[in-house]
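Colleague: need coordinates for the following:
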Amino acid sequence: MDHPPPIRAENLCKTYQTRQRKGLFKSQKSTVEALQNVDLEVKTGEIFGLLGPNGAGKTTLIKILNTLLLPTSGEAWVNGYHVLREENKVRASTGCMLMGERGLYWKLTGRENLEYFGALYHLNPVQRKQRSNEIITLLNLGELADRSVETYSSGQKMKLAFGKALVNDAPLLVLDEPTNTLDVPSASELRTIVRNLNHQGKTVIYTTHIMSEAETLCDRVAIIDRGQLLALGTVSELKTSLQQDQVTHFEGVISAQAESSLRKIPEVLQTSRSSQDGKALLTVVSAAGQSNLPRLIETLTGQGAILQKITTQEPTLEDVFVAKTGRTLAQDTSIK
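Modeller: Numbering: from 1, shown residues only. Just a heads-up that it's a prediction; the model follows:
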């Protein structure tokens with residue numbers, strides 16, 4: 001008998017009604033579509049990345065999959081259990097890191113936190129102690145485990161929150177921005193642990209807005225933005241989807257008007273603008289390859305742009321994201 005996929009979602013939608021203040025006493029209702037008809041299936045044993053900027057809808061999606069939010073419409077199953085009709089079985093079969101340090105009890109020690117959550121998963125006292133010791137060893141918490149959490153740094157709290165997700169030894173791990181606030185060595189250590197857990201057979205859902213994490217860690221990646229699933233595949237497949245296009249990076253003094261002129265060129269598919277050290281950085285995805293480069297340069301300089309550096313390269317995952325959304329990952333789309 002075939003086992004059900006760890007995650008399956010069909011036409012999943014989440015809509016919020018919000019009020020926007022208009023003046024001192026008036027307000028106006030508005031609708032926020034946090035998720036729009038998301039179809040998704042995660043395979044057993046893979047590290048599946050949800051890639052998108054802050055506010056794209058990643059956390060909304062995984063909160064629905066972990067029974068913390070009700071969908072407005074659509075259906076979803078986790079490890080074969082329906083998220084609305086079998087929510088207790090969903091929770092028992094997943095290990096979740098959804099709220100980072102906010103999900104910890106700061107007056108308790110790290111060890112007491114782990115044992116407390118073990119009790120919530122119905123582990124007996126011997127099992128709770130054994131599992132807590134295993135996690136403390138795995139994460140190199142050492143004597144830190146017997147200090148109250150309120151004395152931890154933000155990174156140490158994040159590491160303990162990750163350990164909390166391992167307490168029930170579930171076959172599916174859901175990790176929401178797990179390296180947020182971690183320093184570089186600690187983030188690298190956590191990713192190594194995630195890889196090892198995956199090699200031991202665990203399926204991992206990994207949300208991130210850090211391009212390098214998705215590129216080096218995930219077997220497949222879904223790009224999500226403004227609540228929509230825009231692309232899905234391996235990193236290689238997503239890059240290959242841009243092989244016929246040319247990605248060009250311009251650096252210098254480039255006005256918004258110059259960028260707007262580029263967008264009028266039929267071969268230009270997307271542009272994205274950011275700044276660094278007082279210089280404009282403009283990424284342009286065009287369909288005509290290098291043959292279109294002289295026209296791009298002429299259009300920019302014709303609008304007064306001063307180009308200090310021009311580079312063309314093989315598409316990166318960042319370029320894929322720009323091509324699909326017209327923005328960089330650094331931009332917050334304000335969907336929570």
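
Colleague: which non-adjacent residue is nearest the residue lying farthest from the centre of the chain?
Modeller: Here the centre of the chain is the reference, and by C-alpha atoms, centre = their mean the most remote residue is residue 302, at 39.2 Å. Nearest in space to residue 302, with sequence neighbours left out and distances taken as C-beta to C-beta, 6 or more residues apart in numbering, is residue 261 at 7.4 Å. Bear in mind the C-beta positions are built from the backbone N, C-alpha and C, glycine included.

Colleague: ranges for the strands of the stretch 51-200 of the chain?
Modeller: Along the stretch 51-200 of the chain, the stretches classed as strands by DSSP state E, counting those that start in this stretch are 73-78, 81-82, 94-97, 172-176.

Colleague: what pLDDT does residue 183 get?
Modeller: As predicted, residue 183 sits at a pLDDT of 89.

Colleague: what sits against it?
Modeller: Under the criterion of C-beta atoms under 8 Å, 6 or more residues apart in numbering, the contact partners of residue 183 comprise residue 155.

Colleague: where in the protein is pLDDT low?
Modeller: Residues of the chain that meet the criterion pLDDT under 70 lie in 1-2, 20-28, 99-101, 243-244, 288-289, 328-336.

Colleague: which helix is the longest one in it?
Modeller: Longest helix in the chain, counting residues (DSSP state H): helix 184-199.

Colleague: direction included, what does the helix or strand just after that one pair against?
Modeller: Next helix or strand after helix 184-199 toward the C-terminus (DSSP states H and E): strand 203-208. Here strand 203-208 is paired, per DSSP bridges, with strand 47-51 (parallel), strand 172-176 (parallel).

Colleague: which of those strands sits closest to residue 185?
Modeller: For residue 185, the closest of the strands paired with strand 203-208 is strand 172-176, at 18.4 Å, according to C-beta to C-beta.

Colleague: the inter-axis angle of the closest one versus strand 73-78?
Modeller: Note on geometry: by axes from the mean of the first three to the mean of the last three C-alpha atoms, to 10 degrees, strand 172-176 and strand 73-78 are set 120 degrees apart in direction.

Colleague: show residues contacting strand 172-176.
Modeller: Surrounding strand 172-176, the residues in contact under the criterion C-beta under 8 Å, 6+ apart are 6-7, 58-59, 62, 65-66, 78-79, 93-100, 162, 165-166, 194, 197, 202-207.

Colleague: going by neighbour count, which of the residues you listed are buried?
Modeller: For the contacts of strand 172-176, burial is judged from neighbour counts taken by 16 or more other C-beta atoms under 10 Å, and it is met by 6-7, 58-59, 62, 65-66, 78-79, 93-98, 100, 162, 165-166, 194, 197, 202-207.

Colleague: and the helix or strand hosting residue 213, what's buried?
Modeller: Under the assignment given by DSSP H and E, the secondary-structure element containing residue 213 is helix 211-217. Applying a neighbour-count criterion of 16+ other C-beta under 10 Å, the buried positions in helix 211-217 are 211, 213, 214, 215, 217.

Colleague: distance of the residue farthest from the centre of the chain from residue 262?
Modeller: With distances defined as C-beta to C-beta, to the nearest Å, the gap from residue 302 to residue 262 amounts to 11 Å.

Colleague: same question, residue 94
Modeller: As defined by C-beta to C-beta, residue 94 lies at a distance of 46 Å from residue 262.

Colleague: now swap in residue 76 and tell me
Modeller: 41 Å.

Colleague: how about the CA coordinates for stretch 140-147, as CSV?
Modeller: Extracted C-alpha coordinates of stretch 140-147, given in CSV (Å, rounded to 0.1, in the frame of the first residue of the first chain):
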residue,chain,number,x,y,z
ASN,A,140,25.7,21.2,22.1
LEU,A,141,23.7,23.1,24.7
GLY,A,142,25.9,21.8,27.6
GLU,A,143,25.6,23.6,30.8
LEU,A,144,23.4,26.2,29.1
ALA,A,145,20.6,23.6,29.3
ASP,A,146,20.3,24.1,33.1
ARG,A,147,20.1,27.9,33.0
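
Colleague: quick one: contacts of it?
Modeller: Residues outside stretch 140-147 that contact it (C-beta under 8 Å, 6+ apart): 109-111, 114, 132, 135-136, 152, 156, 159-160, 163, 189.
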